[in-house]
Every structure is written in structure tokens, then in C-alpha cells.
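**Student:** fold the following for me, if possible:
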Amino acid sequence: MKIKVFFFVSLVCVILSVVMFTPLFQDSVKIQEATQTNLDFINTREKFESQQITEVSSEQIFQGDLLLVNSEHPMHEAGIKSDIVNLFNHADLTTGYGLLNSDIYLSKDVAQQFSAMVKAAAKDGINHFVISSGFRNFEEQEKLYQKMGDDYALPAGYSEHNLGLSLDVGSTQLKMEVAPEGKWIENNAWKYGFVLRYPQDKTQITGIQYEPWHIRYVGLPHSAVMHENNFVLEEYLEYLKEVKDISVTIKGIQYTVSYRSFRQGMAIHLPSNHQYTISGDNIEGIIVTEYE
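**Tutor:** Coordinates of the predicted model:
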């Protein structure tokens, strides 16, 4: 009996210490109250109950949804999404929003997530979205850069548009900085795996001026963690590199995110009984996201 009592008291102490000293947990309560998404963050180093060991190659660093592409980290061609489609030819992917022209390309998976987000916005009476730009290949990016210059474009390989994960979204009514569509995206896009990539208060970190129209797909739970902490992608990846492991629960789905620096011959533990995704950071790291 004494052993059981001691164990119970110890468990209570551990829980209290997490509540008192883990800001992420405290902040998550606020988000739960505001959005009712049951979003909880707890730093963890729990091991998967059932694992398979897989060796990864250096190419994995340059593939995935969490690649950091900026002036210091150009992308590799391996980072281009493999499911790029012309949205004009896919009516099932463009319901509820318009296209600026017939040459808008995007990852099919990202387009599906965007469609789900637009459908949710329509329920809030926000329904004047239009995509003005999506995926650009290196040749198109270079032509744009030569035409627009440093102030309005980036060289080929240095733009997120070369990945197929980013898109420029506008409103048919007003400029995005004042349009209801822009405000809705700023407040809600994270719920669907998107982030406002170049917010107004982060220009010194991103190196890019405020772009209320440019959103980037990173997927859940990453968009939720970024929203929770007001992180841009640069900050989020640094955070993961520092803490190594986090656990996130959103709407009853538990995610475990683990960051590891790549080394030759590296093997990673993957769950054999759960779903998972793997992404590089385009620098030196591998991020494994497990979910049930």
C-alpha cells in the first residue's frame, strides 16, 4: 500500500511540474478554449511501442513538406513535389474558388487541403478566394526574377514556389491585407496545415517583406505548433532542433514529432503500428511525424 501511495504522489508531482514549468502546455489551454481543437503540447521522449529501423540517405534531407527554402538555403530538385497538377484541368480541386489563369500548377495533395480550407471558410461567409500563383519550375522562376528583380522575386531554387507547396491567394473583392479572406487565412489556415509564410512581424527573420497572400503548406501538427508559438518556419525548425521531441494532440489525434541531425549510415526508428511521414529540413535534419 505504501508503495502505491508513493507512486501516486510521485506521479502527481511530475504532472504538477509539467503544468508549472512547460509554457507550451499552459498556452495550449488558451488555444483549446479559443478554438475548441483540444490542442495540447507536452515535451516528450517516449519511445514507440513497436518500431522498425530504417536507414535513410542524405537525399531525404532535401525532400518533404518542412523544407526551409530561403536566401541561405536553396532547394534541390529532389524537393519538388511529385504530384504537381494543372488545377485548371481538375474541376474537383477548384470548387469554391477561382484561378487567375489556366496555368496554375500545384501539388495535388496541397490543392486538396486548400479546397477543404476554402469549404470551411465558406461556412463563415468568406467565399471570394482566387489563386494567382502556385508551383513554378526553375525556368519560370528565373524568367520572373529577371523581369521583376530582387525586390519582387527570387532566383530559381530560392523560392518556395519551386517546391509545389506554396501558393499566392487573393480576394476577388479587395487586397488581401484588408480583405476578409486575408484575415480569415491569418486566423484559420493553420487548422488545415497551412501557415502565412511571411507575416508582418517576422520580416527580419524571413528576409521577405510582408506578403498576406503567400501561404505555405507544412501539414498538421506543424502548422498548429507554429500558430501556438507565433513561429515562422525558420523558428520552428530551430525549436525542433533544440527540443528534439514533442507530442501534440489535435481533435483526439496524437502526433509525435522527432528531429534528428543527419549522419552517414543513420538509421531511424519508425512505428510499425502507426502512420508516419518523414521530411528533411533542407539543412541537416530529418523530422519524423508519427500519428494514430
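**Student:** which stretches of this structure have low pLDDT?
**Tutor:** Counting by pLDDT under 70, the chain contains low-confidence residues at 1-51.
**Student:** contact partners for the residue sitting nearest the centre point of it?
**Tutor:** Central residue of the chain (CA atoms, centre = their mean): Val218, 2.0 Å from the mean position. Shown in contact with Val218 (CB atoms under 8 Å, 6 or more residues apart in numbering): Asp65, Leu66, Leu165, Gly193, Phe194, Val195, Met226, Leu233. For every residue, glycine as well, the C-beta is placed using N, CA and C.
**Student:** mind checking how far Tyr97 is from Asn127?
**Tutor:** Note on Tyr97: its distance to Asn127, by CB to CB, to the nearest Å, is 8 Å.
**Student:** hmm, I typed the wrong one, I wanted Tyr210.
**Tutor:** For Tyr210 relative to Asn127 (CB to CB), the value is 24 Å.
**Student:** with Asn101 instead?
**Tutor:** 20 Å.
**Student:** those two: who's more crowded?
**Tutor:** Asn127 (17 against 9; other CB atoms under 10 Å).
**Student:** Glu234: which element?
**Tutor:** Per DSSP states H and E: Glu234 is located in helix 233-243.
**Student:** mind giving me the packing neighbours of that helix?
**Tutor:** When contacts are defined as 3 or more CB pairs under 8 Å, 6 or more residues apart in numbering; DSSP states H and E, helix 233-243 packs onto helix 203-206, helix 222-229, strand 253-261, strand 285-291.
**Student:** reformat the ones you listed as JSON lines; add distance to Phe114 and mean neighbour count.
**Tutor:** Conversion of these to JSON lines gives the following (distance: least, CB to CB, whole Å; neighbours: other CB atoms under 10 Å):
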{"stretch": "helix 203-206", "distance to Phe114": "21", "mean neighbour count": "14"}
{"stretch": "helix 222-229", "distance to Phe114": "13", "mean neighbour count": "21"}
{"stretch": "strand 253-261", "distance to Phe114": "20", "mean neighbour count": "18"}
{"stretch": "strand 285-291", "distance to Phe114": "20", "mean neighbour count": "21"}
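**Student:** of the contacts of Val218, which belong to helices?
**Tutor:** Met226, Leu233 (DSSP state H).
**Student:** farthest pair within the contacts of Val218?
**Tutor:** Leu165 and Met226 (14.2 Å; CB to CB).
**Student:** could you check stretch 121-131 and say which residues are buried?
**Tutor:** Ala121, Ile126, Asn127, His128, Phe129, Val130, Ile131 (16 or more other CB atoms under 10 Å).
**Student:** tell me which two of those residues sit farthest apart.
**Tutor:** Ile126 and Ile131 (15.0 Å).
**Student:** where do the strands sit along this structure?
**Tutor:** 40-43, 51-55, 84-86, 98-99, 105-107, 129-133, 166-171, 194-198, 211-217, 245-250, 253-261, 267-271, 275-280, 285-291 (DSSP state E).
**Student:** list the helices and strands the last one packs on?
**Tutor:** When you say that, I think you mean strand 285-291. Using 3+ CB pairs under 8 Å, 6+ apart: strand 285-291 touches helix 233-243, strand 253-261, strand 267-271, strand 275-280.
**Student:** redo the ones you listed as TSV? Include distance to Glu55.
**Tutor:** Listed next are those as TSV, based on distance: least, CB to CB, whole Å:
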stretch	distance to Glu55
helix 233-243	21
strand 253-261	13
strand 267-271	5
strand 275-280	12
